[in-house]
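Peer 1: got a predicted structure here, sequence first:
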Amino acid sequence: MSDKIKPEFQKAKKNRIFQDVVDQIQEAILEGKLSPGDVLPPERELRETFNVSRGTLREALRVLEQKGLIEIRLGTGGGARVKEAGTDQLNETLAFMIRSGTLPVIDIGEFREGMEGKIASLAAVRADEKDIKKIKKLLKSALEMAAKGESAWQDFLRADEAIHKEIAEIARNSVYKYLTKVVHDNIQRYYNKFLDFSDSRMAENCNDLKNIVKAVCEHRAEDAGHIAEEHVKRFNVRMRAKEAMTAERNHLLPIV
C-alpha cells in the first residue's frame with residue numbers, strides 16, 4: 001500500500017452507520033486504494049476511525065466478505081484481507097438460481113446461443129499455434145470419451161466443458177471467459193434434468209465439436225460462430241421439449 005494513495009476513511013454517518021462502513025471500504029477497493037492482498041487496519045483502529053461499535057464493524061466486514069471483496073483470517077497474522085476479484089460469488093449465485101429453478105431453461109439457453117457463437121468467432125480470429133495445439137488435444141480427449149459409449153457420458157461432458165472453456169480462453173476476452181466458466185460450471189444440472197443421453201446424441205455432439213474446433217483452427221470466424229450457435233440451439237430445443245414434457249407429466253400426476 002506504500003505506493004498508493006491510502007484510503008481516508010471518515011466517521012460513519014449516524015443515520016446509516018453499518019452501510020456507510022461497507023460503502024467506504026468497498027469504494028477504497030474499487031478505486032485501487034486497497035489492492036488484493038492488502039490487510040485492513042486492525043479492528044480497534046477501524047472502530048476508532050469509523051466511530052462505530054465492535055458489533056457494527058464486524059457486521060460490515062461480514063457483508064464485505066459475503067460480497068467476495070475481503071476474506072477474514074483468524075489467529076496470528078489474521079485480519080481482514082482484500083481478495084483478488086474472481087467469479088466465486090457469481091458462480092455461487094448462479095448455481096443457487098439453477099438449483100432453485102429461478103432461471104428458466106429458455107433464458108439460459110438464449111443467452112448461451114449468442115455468447116457461444118461470439119466467443120467461437122473471436123477465438124477463430126485470435127488463435128495462435130499454441131492455442132491450436134491445446135484445443136486439438138482437448139478434442140482428442142473428448143472423442144476418446146465418446147468412443148466408450150453411454151457409460152462415459154459424464155467424462156465426455158467434462159471434456160466438452162473443457163473445450164468450451166478453452167475456446168473462451170483463446171477468445172482473449174476476460175468477460176466472456178468468466179461468463180463461460182460460470183455457465184459451464186453450473187449448466188450440467190440442466191443437462192442431467194432435461195437431456196436424454198444416447199450414443200447417437202453423443203455422436204452428434206462430437207461432430208459439432210470437431211467442426212467448431214476445425215473452424216477455429218482454420219481461422220474461419222464466421223463458420224466457427226455459426227456452428228457454435230447452432231450447436232447450442234439444438235441442445236436448447238431438446239431441453240425445452242423435455243422441460244415441457246416434465247411439466248405436463250407432473251401436472252397430470254394425481255395428488256396423493
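Peer 2: Sure, I can see it.

Peer 1: could I get whatever helix or strand Asp208 lives in in PDB with only the CA atoms?
Peer 2: Asp208 is part of helix 199-217 when elements are defined by DSSP states H and E. Extracted in PDB, the C-alpha atoms of helix 199-217 (Å, rounded to 0.1, in the frame of the first residue of the first chain):
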ATOM      1  CA  ASP A 199     -24.800 -42.900 -28.400                       C
ATOM      2  CA  SER A 200     -26.400 -41.000 -31.300                       C
ATOM      3  CA  ARG A 201     -26.700 -37.800 -29.200                       C
ATOM      4  CA  MET A 202     -23.000 -38.200 -28.300                       C
ATOM      5  CA  ALA A 203     -22.000 -38.700 -31.900                       C
ATOM      6  CA  GLU A 204     -23.900 -35.600 -32.900                       C
ATOM      7  CA  ASN A 205     -22.200 -33.600 -30.200                       C
ATOM      8  CA  CYS A 206     -18.800 -34.900 -31.200                       C
ATOM      9  CA  ASN A 207     -19.400 -33.900 -34.800                       C
ATOM     10  CA  ASP A 208     -20.300 -30.400 -33.700                       C
ATOM     11  CA  LEU A 209     -17.200 -30.200 -31.500                       C
ATOM     12  CA  LYS A 210     -15.000 -31.400 -34.400                       C
ATOM     13  CA  ASN A 211     -16.500 -28.800 -36.700                       C
ATOM     14  CA  ILE A 212     -16.200 -25.900 -34.200                       C
ATOM     15  CA  VAL A 213     -12.500 -26.800 -33.400                       C
ATOM     16  CA  LYS A 214     -11.700 -27.200 -37.100                       C
ATOM     17  CA  ALA A 215     -13.200 -23.800 -37.900                       C
ATOM     18  CA  VAL A 216     -11.300 -22.100 -35.000                       C
ATOM     19  CA  CYS A 217      -8.000 -23.800 -36.000                       C
END
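
Peer 1: pLDDT of the very next helix or strand once past that helix, averaged?
Peer 2: Counting by DSSP H and E, the next helix or strand C-terminal to helix 199-217 is helix 221-252. For helix 221-252, mean pLDDT is 81.

Peer 1: could you do stretch 173-192 as well?
Peer 2: Stretch 173-192 shows a mean pLDDT of 83.

Peer 1: next one: stretch 29-39
Peer 2: Averaging pLDDT residue by residue across stretch 29-39 gives 90.

Peer 1: tell me which residues in that stretch are buried?
Peer 2: 29, 33-34, 38 (16 or more other Cβ atoms under 10 Å). For the C-beta atoms, the positions are set from N, CA and C on the backbone; glycine is no exception.

Peer 1: what about it, how long is it end to end?
Peer 2: For stretch 29-39, the first and last residues are 11 Å from each other (Cα to Cα, to the nearest Å).

Peer 1: before I go, just wanted to say thanks for your time.
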